[in-house]
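Colleague: When you get a sec, could you give me coordinates for this:
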Amino acid sequence: MYTIGLLGGSFDPVHTAHLAMADAFASALTLDEVRFVPASQPWQKRGLFASGAQRVAMLATALSRHHPTRGRYFIDSRELQRAGKTYTIDTLEALRREEGSDVSLVFLFGADQLVHLDTWKDWRRLWDYAHLAAATRPSFDVHALPHEVADAWSARIADAQALHMQACGRSYLLDDFALDVSATDIRAALASDNPSSLAVSTRLVPPAVLDYIRANNLYRS
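Modeller: Numbers count the residues shown, from 1 in each chain. As a prediction, this is how the structure comes out:
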């Protein structure tokens, strides 16, 4: 099946770990494309610092300079056009209606979110519309997840090839993805006049995105 990876997030700002995660999944799962899906109002976060238009602009800037070795990368801004809170289940349901049953959809995220999967709206129904793939750190143990999540995840575990054989319903772990980058720390560094803090942010934010941030005076206290 044609296989699409869906990488959701605030992208406030987009940083190198977002791109590295997309690259790692695209390679491991031989994805045909990856769609970056910026959230409008993530219900588990207090608020966003950059506007939807600014976050899309930063993503577009980053992707215009990024050259993936596998698949094509796009921005899907549908959640920014939706009123109210952003729920993954609504996005996956809409995408499945659009793509039909002959396309494999894979929702991509980090293991830090997998730990809280049972707090997501209709979390068990996510597998009705897509595969779920989580990037994990070297020390990750699926059995340390909440009991219900561990059982649901383990019952659906599959290898990369299986995700191409059906449209949805399987789980996949990308092992040993060790990049640990915090957008909160990046924003704090960008707001600081401390040279060492700013040096950290320049390593974690693509240079063209950093230029956009400076030109638009974003994340300044």
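Colleague: Which pLDDT value belongs to residue 185?
Modeller: On pLDDT, residue 185 comes in at 83.
Colleague: and residue 212, what does it touch?
Modeller: Residue 212 sits next to 57, 58, 61, 218 when contact means C-beta atoms under 8 Å, 6 or more residues apart in numbering. From N, CA and C alone the C-beta is placed, and that goes for glycine too.
Colleague: thought the last one was touching residue 50?
Modeller: This means residue 218. Yes. Under the criterion of C-beta atoms under 8 Å, residue 218 makes contact with residue 50 at 5.6 Å.
Colleague: quick one: common contacting residues for these two?
Modeller: Common contacts of residue 218 and residue 50, defined by C-beta under 8 Å, 6+ apart, comprise residue 13.
Colleague: By mean pLDDT, point me to the weakest helix or strand of the protein.
Modeller: Using mean pLDDT, DSSP states H and E, helix 195-204 stands out as the lowest-scoring helix or strand of the chain, at a mean of 66.
Colleague: any idea of the mean pLDDT in the helix or strand just after that one?
Modeller: Proceeding N to C from helix 195-204, the next assigned helix or strand is helix 207-215, under DSSP states H and E. Confidence over helix 207-215, taken as the mean pLDDT, stands at 91.
Colleague: What are the buried residues along helix 207-215?
Modeller: 208, 209, 210, 212, 213 (16 or more other C-beta atoms under 10 Å).
Colleague: and which of the residues you listed is nearest to residue 97?
Modeller: When those are compared for distance to residue 97 (C-beta to C-beta), residue 209 wins out at 32.7 Å.
Colleague: And the helices in this protein?
Modeller: 16-28, 52-65, 88-99, 111-114, 147-155, 160-163, 183-191, 195-204, 207-215 (DSSP state H).
Colleague: And those: which comes nearest residue 78?
Modeller: Comparison of these against residue 78 by C-beta to C-beta identifies helix 88-99 as nearest, at 6.7 Å.
Colleague: Thank you kindly, that will do.
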